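Trainee: dropping a prediction and its sequence here:
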Amino acid sequence: MFLSNVFAQEKEQKLKNVFNEFHVSVNHGIGSSREFFGGGLGINRVFGSEKIIAFRTGLDFQFFHTWGNSGDPAHYSSISNVHYSYLDLTIPVVLRINIGMTFIELGGNLGLGILGQKRYTQHTSFDNQASTEIIKKESLNQGFSVGPVFGVGVLIPMNEKLDLLIRPDVGASIYFKEEFTNVYARLCIGIHLK
């Protein structure tokens, strides 16, 4: 029993030395005419978490889904019901200012698009003939992104080793390859290892 407890403490210490904050998130777009939702997972390391000034970095996986009513029309065709779905891997680079149990974060994200898809309905009509509708899917490679992030959060002590993390934040992702921008609000809920 004693040895298993010692090994469990060693594993916990090794994990804490690499990552000490884990979260899931619910994402929602803001300031866009398109509907927008998503979610994510994050594993982060907070350096100096017990000090007033700390630094957070790690890996976040973010899923986004947006859709709208129409796309760019062409001479004999138009598109509607346009859906974009994509998964990003982002690296947060964030300054954290601790004020008691609460904190303020300011920084940015470096991102890389992993998977993406554009799905839409194409309507085609030639010289007074009946129109045809075809549902099309295209691969979407959004490439690299950068963007700012700002958040306010709280760490609620659960026990001597664990805090509950609640962090709402707002951010943006500016994609270079596809030339579009996501502006989003996110609610992250997770744990922080002391």
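Mentor: Structure's in. What do you need?
Trainee: what's the strand or helix carrying A185 packed up against?
Mentor: Assigned by DSSP states H and E, A185 belongs to strand 180-193. Counting contacts by 3 or more CB pairs under 8 Å, 6 or more residues apart in numbering; DSSP states H and E, strand 180-193 packs against helix 2-18, strand 21-29, strand 35-47, strand 53-70, strand 144-157, strand 162-175. C-betas here are computed from N, CA, C, even on glycine.
Trainee: would you point out the helix or strand in the chain whose mean pLDDT is lowest?
Mentor: helix 2-18 (a mean of 54; mean pLDDT, DSSP states H and E).
Trainee: so F47 bridges to which residues?
Mentor: Taking DSSP bridges as the rule, F47 bridges to F55.
Trainee: picking that back up, which parts of the strand holding A185 are buried?
Mentor: Buried positions in strand 180-193, judged by neighbour count with 16 or more other CB atoms under 10 Å: N182, V183, Y184, A185, R186, L187, C188, G190, H192, L193.
Trainee: neighbouring strands of it in the sheet, and parallel or not?
Mentor: strand 21-29 (antiparallel), strand 162-175 (antiparallel).
Trainee: how far off strand 53-70 does that strand point, in degrees?
Mentor: 140 degrees (axes from the mean of the first three to the mean of the last three CA atoms, to 10 degrees).
Trainee: lowest-confidence entry in the buried residues of strand 180-193?
Mentor: Taking these together, the minimum pLDDT is found at N182 (78).
Trainee: can you pull up the bridge partners for R119?
Mentor: Beta-bridge partners of R119, as defined by DSSP bridges: H83, K137.
Trainee: which two in the buried residues of strand 180-193 are spaced the farthest apart?
Mentor: Spatial extent of the buried residues of strand 180-193 (CB to CB) is set by the pair V183 and L193 at 31.3 Å.
Trainee: which regions of this structure lie under the pLDDT threshold?
Mentor: Where the chain drops to pLDDT under 70, the residues are 1-16, 31-35, 68-79, 125-136, 178-180.
Trainee: kindly recompute the last result at 80.
Mentor: Applying pLDDT under 80 to the chain flags residues 1-17, 29, 31-37, 66-84, 117-142, 176-182.
Trainee: point to the residue nearest the middle of it.
Mentor: The residue lying closest to the centre of the chain (CA atoms, centre = their mean) is Q62, at 3.2 Å.
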